[in-house]
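> fold the following, please.
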Amino acid sequence: MKKLQLVFLFMYSMSLFAQNGLPKDIAISGYTEAYYGYNFANPSNHENSNFLYNYKRHNELAINLAMIKVAYINEGVRGNFGLMAGSYAQYNLANEPTWAQFIYESNIGFKVSKKKNIWIDAGVMPSHIGFESAIGADSYNLSRSILAENSPYYETGVRLSYTSKNEKLYAAILALNGWQKIQMPNDIQRPSFGAQLTYKPTDKITINYSNFLGSDKPDILNAPRLFQDAYVIYEPTKKISVVFGFDFGIEKYLPNKNAYWYSPIIVAKYNLNDKSKIACRVEHYNDANQIIISTNTANGFQTYGFSANYDYAIRKNLLWRIEAKHFLSKDKIFDNNLHHNNNNLLTSLSLKW
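Numbering: from 1, shown residues only. This is a model prediction of the structure:
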């Protein structure tokens, strides 16, 4: 509780600092998102399914993310520091040490070349994997996909990155503490690695490939993991945006056997006008060997997800959203393993500044 009080004290202090004016090389930003969700399975513990980490609380008003961030950039040096609280922090960072559970971002970087846009950054950073983030207002859908919920939102390590002069190409290589880790566990001593390549051939198309090579299991189990993420964002007009994504992972399962999981996804957004948008998502997550999501059922986690949401911008930085979501599983994994399907309603109000 004392650490949580420190988070809000930091947020309050930064807001006062911002009111008094800032040096040109410092920027303060913040995000707050309140939500109410109803799971029709009516879980008695007020928690949604074990494969979801955002908007986790059922039938109560809650905060998914309250975050404030300070950014600095000047003469080839940059840094970011952010603290957070809410459901996202509570459930996504539950396995981190207490001191780390409120860290949203904390990194320092410097520019390697005066002529080229090459940087080295180190610390806690947003994940290089996926097209969704913890900031709900930046995502097409109100809730995150199964794919995003079960791949890293953040990472800790060192990143070497390059951005071309025309900003059409971005490339990075990373050395990491592991699969969504701030502090490396005692039983893991080996570093993990990653890479990212983003190419924008036109203003309407973005192509991304990211990967992870390492392990999320103790070294003694010798269970290497190779995970690959690819997506294409297509924006044919100012009103229409479509994302096609596919994740594929493989991990050593038994001494002579590998297990794999995969997840295709399609997301579409349509801007009705300057204030209103609608979006829908269709996805499938197949983890039959339960490497990522445990069900303790015969066929593991093989689940389809469908969602549709409506967004209304009350103000430029104040967004109201509502979403209906349906899950359909091969096994009975919902409501104490009684049902194949699950329905949810979710609404949120977010402020970004």
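
> CA only for contacts and neighbour counts going forward, please
Will do.

> low-confidence ranges, the protein, go.
1-22 (pLDDT under 70).

> mind running it again at 90?
Counting by pLDDT under 90, the chain has low-confidence residues at 1-25, 75, 114-115, 253-256, 335-338.

> all helices of this protein, in order?
Secondary structure of the chain (DSSP state H): helices at 2-19, 87-92, 146-149.

> other SSEs contacting the shortest one?
It stands for helix 146-149. strand 276-287 (3 or more C-alpha pairs under 8 Å, 6 or more residues apart in numbering; DSSP states H and E).

> tell me how far the strand it packs on is from the chain's mean position?
On the basis of C-alpha atoms, centre = their mean, to the nearest Å, strand 276-287 sits 15 Å off its chain's mean C-alpha point.

> just checking: what are the partner strands of that strand?
strand 257-271 (antiparallel), strand 301-315 (antiparallel) (DSSP bridges).

> mind putting those strands into TSV with distance to Asn39 and mean neighbour count?
TSV is the format used below for the strands paired with strand 276-287 (distance: least, C-alpha to C-alpha, whole Å; neighbours: other C-alpha atoms under 10 Å):
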stretch	distance to Asn39	mean neighbour count
strand 257-271	22	18
strand 301-315	14	19
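
> okay, these in CSV with distance to Met125 next?
Shown next, in CSV, are the strands paired with strand 276-287 (distance: least, C-alpha to C-alpha, whole Å):
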stretch, distance to Met125
strand 257-271, 24
strand 301-315, 28
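
> can you tell which of these is closest to Leu338?
Nearest to Leu338, of all the strands paired with strand 276-287, is strand 301-315, at 14.8 Å by C-alpha to C-alpha.

> may I have the closest one exported as CSV, CA atoms only?
What follows is strand 301-315, C-alpha atoms only, in CSV (Å, rounded to 0.1, in the frame of the first residue of the first chain):
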residue,chain,number,x,y,z
PHE,A,301,-6.4,-24.3,-25.1
GLN,A,302,-8.0,-24.1,-28.6
THR,A,303,-10.2,-21.0,-28.5
TYR,A,304,-11.9,-18.6,-31.0
GLY,A,305,-12.5,-15.0,-30.0
PHE,A,306,-15.0,-12.5,-31.5
SER,A,307,-15.4,-8.9,-30.5
ALA,A,308,-17.1,-5.7,-31.7
ASN,A,309,-16.7,-2.3,-30.2
TYR,A,310,-18.0,1.3,-30.6
ASP,A,311,-15.9,4.3,-29.7
TYR,A,312,-17.0,7.9,-29.1
ALA,A,313,-14.6,10.7,-28.6
ILE,A,314,-16.3,13.0,-26.0
ARG,A,315,-13.3,15.3,-26.3
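
> give the buried residues for stretch 110-120.
Across stretch 110-120, burial judged by 16 or more other C-alpha atoms under 10 Å covers Phe110, Lys111, Val112, Asn117, Ile118, Trp119, Ile120.

> could you count how many residues lie near the closest residue to the first one other than its chain neighbours?
Taking C-alpha to C-alpha, 6 or more residues apart in numbering, and ignoring the residues beside it in sequence, Phe110 has Val77 as its nearest neighbour in space, at 4.4 Å. As a burial measure, Val77 scores 15 neighbours (other C-alpha atoms under 10 Å).

> distance check, Val77 against Tyr154.
From Val77 over to Tyr154 the distance is 21 Å, taken as C-alpha to C-alpha, to the nearest Å.

> also Leu254?
28 Å.

> in contact with the nearest residue in space to Lys352 that is not next to it in sequence, which residues?
The shortest distance from Lys352 to any non-neighbouring residue, by C-alpha to C-alpha, 6+ apart, is to Tyr31 (4.5 Å). Counting by C-alpha atoms under 8 Å, 6 or more residues apart in numbering, Tyr31 touches Leu65, Ala66, Met67, Ile68, Ile135, Ser350, Leu351, Lys352, Trp353.

> and the residues you listed as a markdown table, adding neighbour count and distance to Pro43?
Putting the contacts of Tyr31 into a markdown table (neighbours: other C-alpha atoms under 10 Å; distance: C-alpha to C-alpha, whole Å) gives the following:
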| residue | neighbour count | distance to Pro43 |
| --- | --- | --- |
| Leu65 | 25 | 22 |
| Ala66 | 24 | 25 |
| Met67 | 25 | 28 |
| Ile68 | 26 | 32 |
| Ile135 | 18 | 26 |
| Ser350 | 22 | 25 |
| Leu351 | 17 | 29 |
| Lys352 | 18 | 31 |
| Trp353 | 11 | 34 |
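
> perfect, I'm done here.
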